[in-house]
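J.: here's my sequence, what's the structure:
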Amino acid sequence: MNTARKVPLRKCTGCGEMKSKKEMIRVLKTDTGEVILDTTGKKNGRGAYLCPTAQCLQAAKKNKGLEKSLKMAIPKEIYDYLEKEIADIEK
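T.: The predicted structure follows:
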């Protein structure tokens, strides 16, 4: 018997849309309090998901979605880094 596997869905902190985990970018807060991008999706830490678009990043910045999800204040440098990474992905 073949059973279809359940696709893990995650909610974007910017637009609030539910999408497949593989379609999204994981922003991770490590145990040391560092905020990084998790390209593998398997690193330890608290994660928040974003659609790979500049609009979702701006919405997450405006509604403080990342700050709420990661339960910490996000420095401006992190948002600048995320903007650069998303711009590279969109190309």
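
J.: now the strands for this structure?
T.: Shown for the chain, the strands assigned by DSSP state E span residues 9-11, 18-20, 25-29, 35-38, 46-50.

J.: hey, least reliable of those strands by pLDDT?
T.: When mean pLDDT is averaged over each of the strands of the chain, strand 35-38 scores lowest at a mean of 86.

J.: now the helices for this protein?
T.: Assigned helices in the chain, in chain order: 54-62, 65-70, 76-90 (criterion: DSSP state H).

J.: circling back to that earlier point, nearest to Lys76, out of the strands of the chain?
T.: The closest approach between Lys76 and any of these, judged by CB to CB, belongs to strand 35-38 at 11.8 Å. Glycine gets a C-beta too; all of them are placed from N, C-alpha and C.

J.: same list, the strands of the chain, but as CSV with mean neighbour count and distance to Lys68 please.
T.: Listed next are these as CSV, based on neighbours: other CB atoms under 10 Å; distance: least, CB to CB, whole Å:
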stretch, mean neighbour count, distance to Lys68
strand 9-11, 16, 12
strand 18-20, 12, 17
strand 25-29, 21, 12
strand 35-38, 16, 14
strand 46-50, 21, 9
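
J.: which among those strands is found nearest to Cys56?
T.: The nearest among these, by CB to CB, is strand 46-50 at 5.4 Å.

J.: that closest one packs against which elements?
T.: Based on contacts counted as 3 or more CB pairs under 8 Å, 6 or more residues apart in numbering; DSSP states H and E, the elements that strand 46-50 packs against are strand 25-29, helix 54-62, helix 65-70.

J.: relative to strand 25-29, how tilted is that strand?
T.: For strand 46-50 against strand 25-29, the angle between stretch directions is 150 degrees (axes from the mean of the first three to the mean of the last three CA atoms, to 10 degrees).

J.: find the residue at the geometric middle of this protein.
T.: The centre of the chain sits closest to Tyr49, judged by CA atoms, centre = their mean, with a distance of 2.7 Å.

J.: now do the contacts for that residue.
T.: Applying CB atoms under 8 Å, 6 or more residues apart in numbering, one finds that Tyr49 lies in contact with 10-13, 21, 24-27.
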